[in-house]
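In: sequence and predicted model, in that order:
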Amino acid sequence: MKHGEGVGPAGPPSECNIPAVGGDRCSAGTVTGVVLVGGGSNRMGANKALLPFGRERLLDRVVARVREAFPRVILVSNDPASYNYLGLPVIRDIYPGRGPLSGIHAALSAVATPYIFVVACDMPFVDPKLALYLARQAPGYDVVVVRDGPYLEPLFAVYGRGCLEPVESILRRGLRARVVDFFPAVRVKYIEREDLSDFAGVDKVFMNINTPRDLERALQFLE
């Protein structure tokens, strides 16, 4: 149920120059929230982004919590028509079919801010305070990512524009790479999972939903 991975173009479109929708946040001017809405949802058997989760859809819940931290939010999806109801910019992959790394690349290529905070649409327990904490660590680094023993959490992480060229270099090779494969080429700040105990509910922040059983378990946490 974790996205954890083992350690191992054109200018921004005008649609991304959207105004902030909330109050002033510490990173509002430097970070864009990015929700990745990709994957085939094959193990779920339905589009998990639009599944009911409590009183709202899973994607709507994730977006609402990301917006608490970063008023500027975009989606990355190759099916924008399904998500236009949210009224947010929806960016397509430049290199489709290459997994989450392609989504991170598309977002970095599209936004005007120097950093993005990336989260997957199937992580219902986003903690805005933790997202902001990671964003505050970004100056001087290209990536800020949580490390839990031998695993990283690259789909709840901050990425800077310095990542763009190394990521594109990988995608140009035509391979479906792991997100962490470009980390050796950039400056990475690792935040140890054991140091995040002050954040309430951190045990479930990195939970993601891939199967009906995952969904059932997550709903139990919700209750």
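Out: Nice, I can see it.
In: strands of this protein, start to end?
Out: If DSSP state E is used as the criterion, the strands of the chain fall at 5-6, 31-36, 52-53, 56-57, 73-76, 90-91, 115-120, 143-148, 151-152, 156-160, 188-192.
In: rank the ones you listed by mean pLDDT and give me the bottom one.
Out: Of all those, the minimum mean pLDDT falls on strand 5-6 (a mean of 62).
In: to Asp127, which of the strands of the chain lies closest?
Out: Closest approach to Asp127 among the strands of the chain (Cβ to Cβ): strand 156-160, 9.0 Å. Every C-beta, even on glycine, is put in place using the N, C-alpha and C of the backbone.
In: tell me the strands beside that closest one, with direction?
Out: Strand 156-160 pairs in its sheet with strand 115-120 (antiparallel), strand 143-148 (antiparallel), by DSSP bridges.
In: that older thread, out of the strands of the chain, which one sits most buried?
Out: strand 31-36 (a mean of 28; mean count of other Cβ atoms under 10 Å).
In: can you show me the CA trace of that strand as PDB?
Out: Below are the C-alpha coordinates for strand 31-36, written out as PDB (Å, rounded to 0.1, in the frame of the first residue of the first chain):
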ATOM      1  CA  VAL A  31       5.500  26.100  -4.800                       C
ATOM      2  CA  THR A  32       2.700  24.700  -7.000                       C
ATOM      3  CA  GLY A  33       0.700  21.700  -5.700                       C
ATOM      4  CA  VAL A  34       0.600  18.900  -8.300                       C
ATOM      5  CA  VAL A  35      -1.800  15.900  -8.100                       C
ATOM      6  CA  LEU A  36      -0.800  13.100 -10.400                       C
END
